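Visitor: Let me see the structure of the following:
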Amino acid sequence: AMSYAFDHDEMLEDLCYSLYDPCTGIFYPGAWMASTKNLEPYKQDLDKAEALLDEAGWIDRDNDGVRDKEIDGRTVPFEFSIIVNQQPLRIAICTLLKENLDQIGIRLNVRPVESTVLQDLTLNRKFQAYLGGWGSGTDPDTSENLWKTGAMRNFCNYSNPEVDRLYAEGRQEFDRGKRAEKYGRIQEILYDDQPYTWLYWRNSFYGFSKDVRGYVFSPRGPYHYSPGFGSLWKPKQE
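Guide: Take a look at the predicted model:
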């Protein structure tokens, strides 16, 4: 419901200036480990979001504009807080989500915090929701610590026995084609389950001086990984 409520197009076009690509899961489309299925990016559909909430029993019983549900004999309003670091773009995305959720009867409180505080709260599971991001890594196995049951960075406490099994099998498989099938299936399961609302793939932009040589791109960029700055040199001027 959250993924259908969010205005992905406004985020990409207005907040990200159309510089980033819509995200559909944990692996970038075209990467060898990505799903070969056509996973369509979510689009805002408020009617579908409301239908899912109705189906789950979240309705506005007292007509105060906020959905609620009876849990353990107590009426609980659908209200929660999202923590986010103090990057302007990320705060703007959370503010957009707040506006979107208000349209379907959900009250969201945006709580900007320092990055160190965000890290502490997520590691100790002392939050209701958060906005975060991560690199996809050079091998798909590195994503296991986000999705395996009980993993350290599995901040949303996601648990799916099939995902756990596929990660274990992928680690033991040497054939890249067979590995790709397993990791692609993981991506499809996570797309269906939506433990996160996928936002965007952040493209990187680099400027290079014509006077400097030796730029070497690693799978993670030109600067941060070997050979990095150590490979740069400048021709001696005549």
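Visitor: contacting residues for the residue nearest in space to the middle of the chain?
Guide: The centroid of the chain falls nearest to residue 198 when counting by Cα atoms, centre = their mean (4.4 Å). Contacts for residue 198 were tallied using Cβ atoms under 8 Å, 6 or more residues apart in numbering; they are 3, 22-25, 41-42, 191. No exception for glycine: its C-beta is placed from N, CA and C like everyone else's.
Visitor: what secondary structure does it sit in?
Guide: coil (DSSP: H, G, I helix; E, B strand; the rest coil).
Visitor: And it, how far from residue 231?
Guide: 34 Å (Cβ to Cβ, to the nearest Å).
Visitor: just residue 78 next, same as before
Guide: Residue 78 sits 53 Å away from residue 231 when distances are taken as Cβ to Cβ.
Visitor: okay, those two: which has more neighbours?
Guide: Taking other Cβ atoms under 10 Å, residue 78 and residue 231 do not tie; residue 78 has more neighbours (20 against 12).
Visitor: List phi and psi for that one.
Guide: phi -80, psi 90 (degrees, to the nearest 10).
Visitor: Tell me, how many residues neighbour the residue nearest to it when sequence neighbours are not counted?
Guide: Distances taken as Cβ to Cβ, 6 or more residues apart in numbering put residue 67 closest to residue 78, at 4.3 Å, once the chain neighbours are dropped. Residues near residue 67, counting by other Cβ under 10 Å, number 23.
Visitor: contacting residues for residue 61?
Guide: 68, 75.
Visitor: so how far is residue 8 from it?
Guide: For residue 61 relative to residue 8 (Cβ to Cβ), the value is 30 Å.
Visitor: Next, the contact list for the residue nearest to residue 78, please.
Guide: Residue 67 touches 53, 58-60, 77-78, 104-106, counting by Cβ under 8 Å, 6+ apart.
Visitor: Try it again at 10 Å.
Guide: For residue 67, the contacting residues are 50, 53-54, 56-61, 76-79, 101, 104-107, by Cβ atoms under 10 Å, 6 or more residues apart in numbering.
Visitor: Can you turn the buried part of those into a PyMOL selection?
Guide: Here is the PyMOL command that selects only those of the contacts of residue 67 that count as buried (16 or more other Cβ atoms under 10 Å):
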select buried, resi 50+53+58+77+78+101+104+105+106+107
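Visitor: From the contacts of residue 67, which land in helices?
Guide: Using DSSP state H, the subset of the contacts of residue 67 located in helices is 50, 53-54, 101.
Visitor: Now for those: which two are most distant?
Guide: 54 and 101 (15.1 Å; Cβ to Cβ).
Visitor: Just the buried positions in the longest helix along the chain, please.
Guide: Assignment by DSSP H gives helix 176-193 as the longest helix of the chain. Neighbour counts over helix 176-193 (16+ other Cβ under 10 Å) mark 179-191 as buried.
Visitor: Next one: residue 80 from residue 11, what distance?
Guide: Residue 80 is 20 Å from residue 11, by Cβ to Cβ.
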